[in-house]
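S.K.: Kindly generate the corresponding structure for this input.
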Amino acid sequence: MLETFGNVFKIPELRKRILFTLAILVVYRVGGHVPTPGIDPQALGEFFRQMRGSLFGLYDMFVGGAFQKATIFSLGIMPYISASIIMQLLGAVIPYFQKLQKEGEEGRRKITQYTRYGTVLIAAMQALGTSVFLESLQPSPGRYVVPNPGISFKLLTMITFTCGTIFIMWLGEQITERGIGNGISLIIMIGIIARFPSGVVDEVRMLFLGQRNFFAEVFLIALMVAVIASIVLVTRAQRKIPVQYAKRVIGRKMYGGQSTHIPLSVNTAGIIPIIFAQSIMFAPSTLASFFPNNEFMQNFSLWFQPGSVLYSLIYALLIIFFAYFYTAIVFNPVDLADNMRKYGGFIPGIRPGKRTSEYIDRVLTRITLPGAIFFAMIAVLPYFMMKGMNVQFYFGGTGLLIVVGVALDTLQQIESHLLMRHYDGFMKKGKIRGRM
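M.R.: Numbering: from 1, shown residues only. Model prediction:
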């Protein structure tokens with residue numbers, strides 16, 4: 001393994017890409033500590049301590065704590081993620097965007113441009129709403145988060161937050177083009193990882209103070225390793241459907257005749273179902289925070305407290321529902337079957353056309369269920385660990401799935417660079433493929 005890491009830096013192009021990626025991530029983390037003018041950071045921190053477990057805490061996790069500190073990167077890359085999801089949904093229902101998706105590179109460029117415009121619009125609206133929200137915060141009597149509210153503060157905050165999001169989007173695109181890995185995903189991952197060290201330090205401190213049993217700590221570490229390993233296994237799991245292409249004679253050449261397969265992922269929807277479900281589950285408590293004197297809203301929010309049995313059950317069911325919903329949007333068996341028939345492909349024992357699309361849809365429906373149930377279990381795991389084992393940091397859920405998925409994708413890209421230059425990769429299969 002050490003030799004493999006050494007080989008990474010023996011390739012000039014790969015070394016340059018990795019160092020460039022690290023430099024961009026450092027810039028991102030530095031920007032996450034630059035405060036926005038006109039905000040009392042101590043008062044804002046007091047408010048967030050009162051709002052632990054709300055939608056604001058979820059959002060703050062994605063931006064690496066920048067929202068809690070009200071820095072220039074407070075909105076993070078989430079407006080871009082929202083714009084991307086909206087574009088995917090539009091591509092499923094609007095013919096114009098469906099046409100763009102089928103136009104190849106030119107269509108992708110137009111979709112990317114529309115996504116950028118949508119990012120600016122969403123960021124501007126969120127920045128304006130955030131500025132109004134910040135002005136209304138009063139963590140304690142006589143103390144406001146914004147000491148001098150007004151139109152000037154709103155305008156300054158709107159410009160600052162929107163420009164911060166645009167700059168982060170540009171950083172992510174630079175990583176994708178000139179670095180290694182997907183830039184947007186790496187920025188989200190770094191923001192999540194940035195909050196892990198403080199939790200680990202708290203665990204070590206509790207162990208040395210005698211507040212944590214040594215064997216309980218060993219069990220916790222073993223559980224964390226097992227959870228990460230299971231996420232890697234399920235994330236990479238695929239159901240391969242065999243496909244045979246008939247031989248065709250075009251001119252004097254013969255084409256086709258080879259066998260291949262369609263890889264259907266157990267987790268086609270990725271982490272989108274968890275994000276959707278978590279946003280819905282945190283909505284009641286977040287809305288109730290705006291009506292502190294309303295008894296009905298306060299009682300209603302108690303039913304949706306994270307960690308309760310009702311919360312966990314509804315949360316898990318929503319994840320399973322959105323897993324099927326989003327899979328149906330991003331994966332179209334009819335189009336896949338039509339493309340196979342167009343190029344002479346067929347599944348052995350299945351008629352081309354409608355029967356093929358029905359077969360693929362049936363297989364996808366069956367393999368999506370265990371994957372959705374597994375990720376639902378991972379999503380509710382942090383609440384049981386924090387309640388049952390008194391864990392001082394948030395382990396599991398959306399953050400862990402993002403970190404593992406992005407790390408795997410980045411390692412695969414590094415592996416491809418190594419194998420292209422006849423070096424051994426990180427994975428055993430990669431070594432075998434490189435020597436054949």
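S.K.: Dump stretch 268-287 to PDB, restricted to CA.
M.R.: Taking C-alpha atoms only, stretch 268-287 is exported to PDB below (Å, rounded to 0.1, in the frame of the first residue of the first chain):
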ATOM      1  CA  THR A 268     -29.400   4.200  -8.100                       C
ATOM      2  CA  ALA A 269     -30.700   7.300  -6.400                       C
ATOM      3  CA  GLY A 270     -27.600   7.900  -4.300                       C
ATOM      4  CA  ILE A 271     -28.100  10.100  -1.200                       C
ATOM      5  CA  ILE A 272     -30.900  12.200  -2.700                       C
ATOM      6  CA  PRO A 273     -33.700  10.200  -0.900                       C
ATOM      7  CA  ILE A 274     -32.000  10.900   2.500                       C
ATOM      8  CA  ILE A 275     -31.700  14.600   1.800                       C
ATOM      9  CA  PHE A 276     -35.300  14.900   0.700                       C
ATOM     10  CA  ALA A 277     -36.600  12.900   3.700                       C
ATOM     11  CA  GLN A 278     -34.400  14.700   6.200                       C
ATOM     12  CA  SER A 279     -35.600  18.100   4.900                       C
ATOM     13  CA  ILE A 280     -39.200  17.000   5.400                       C
ATOM     14  CA  MET A 281     -38.600  15.600   8.900                       C
ATOM     15  CA  PHE A 282     -36.800  18.700  10.100                       C
ATOM     16  CA  ALA A 283     -39.400  21.000   8.700                       C
ATOM     17  CA  PRO A 284     -41.900  20.800  11.700                       C
ATOM     18  CA  SER A 285     -39.300  21.600  14.400                       C
ATOM     19  CA  THR A 286     -37.800  24.400  12.200                       C
ATOM     20  CA  LEU A 287     -41.300  26.000  11.600                       C
END
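S.K.: Give me the below-cutoff pLDDT ranges for the stretch 251-400 of the chain.
M.R.: For the stretch 251-400 of the chain, the stretches with pLDDT under 70 are 251-257, 279, 282-283, 285-293, 298, 306-307, 386, 388-397.
S.K.: buried sites along the lengthiest helix in the chain?
M.R.: In terms of residue count, the longest helix belonging to the chain (DSSP state H) is helix 354-388. Within helix 354-388, the residues that count as buried by 16 or more other Cβ atoms under 10 Å are 356-357, 359-361, 363-364, 367-368, 371-372, 374-383, 385-386. For the C-beta atoms, the positions are set from N, CA and C on the backbone; glycine is no exception.
S.K.: Please apply the same query to stretch 317-335.
M.R.: Residues 318-320, 322-324, 326-329, 331, 333 are the ones in stretch 317-335 that count as buried (16+ other Cβ under 10 Å).
S.K.: about what we covered before: what packs against the longest helix of the chain?
M.R.: Contacts defined by 3 or more Cβ pairs under 8 Å, 6 or more residues apart in numbering; DSSP states H and E place helix 354-388 against helix 214-236, strand 238-245, strand 259-265, helix 272-288, helix 309-330, helix 333-342, helix 397-420.
S.K.: Tell me how many other residues surround the residue nearest to residue 258 when sequence neighbours are not counted.
M.R.: Leaving aside its sequence neighbours, residue 258 sits nearest to residue 245 (Cβ to Cβ, 6 or more residues apart in numbering; 5.7 Å). Residue 245: 16 surrounding residues under other Cβ atoms under 10 Å.
S.K.: For residue 8, the count of nearby residues, please.
M.R.: When counting by other Cβ under 10 Å, one arrives at 17 neighbours for residue 8.
S.K.: Would you mind measuring from it to residue 14?
M.R.: Residue 8 is 6 Å from residue 14, where distance means Cβ to Cβ, to the nearest Å.
S.K.: May I see the helices and strands packed on helix 354-388 organised as TSV, with distance to residue 27 added?
M.R.: Converted to TSV, the helices and strands packed on helix 354-388 look like this (distance: least, Cβ to Cβ, whole Å):
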stretch	distance to residue 27
helix 214-236	28
strand 238-245	36
strand 259-265	33
helix 272-288	26
helix 309-330	32
helix 333-342	41
helix 397-420	18
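S.K.: Confirm for me that residue 227 is in contact with residue 403.
M.R.: No. Using Cβ atoms under 8 Å, residue 227 is not in contact with residue 403; the gap is 11.7 Å.
S.K.: thinking again about what came up before, minimum distance to residue 144: which of the helices and strands packed on helix 354-388 has it?
M.R.: Distance to residue 144, taken as Cβ to Cβ, is lowest for helix 272-288 among those, at 20.0 Å.
S.K.: can you pull the buried residues of the helix or strand following that closest one?
M.R.: Later in the chain than helix 272-288, the nearest helix or strand by DSSP states H and E is helix 295-302. Neighbour-count burial for helix 295-302, counted by 16+ other Cβ under 10 Å, picks out 297, 301.
S.K.: Many thanks, have a good one.
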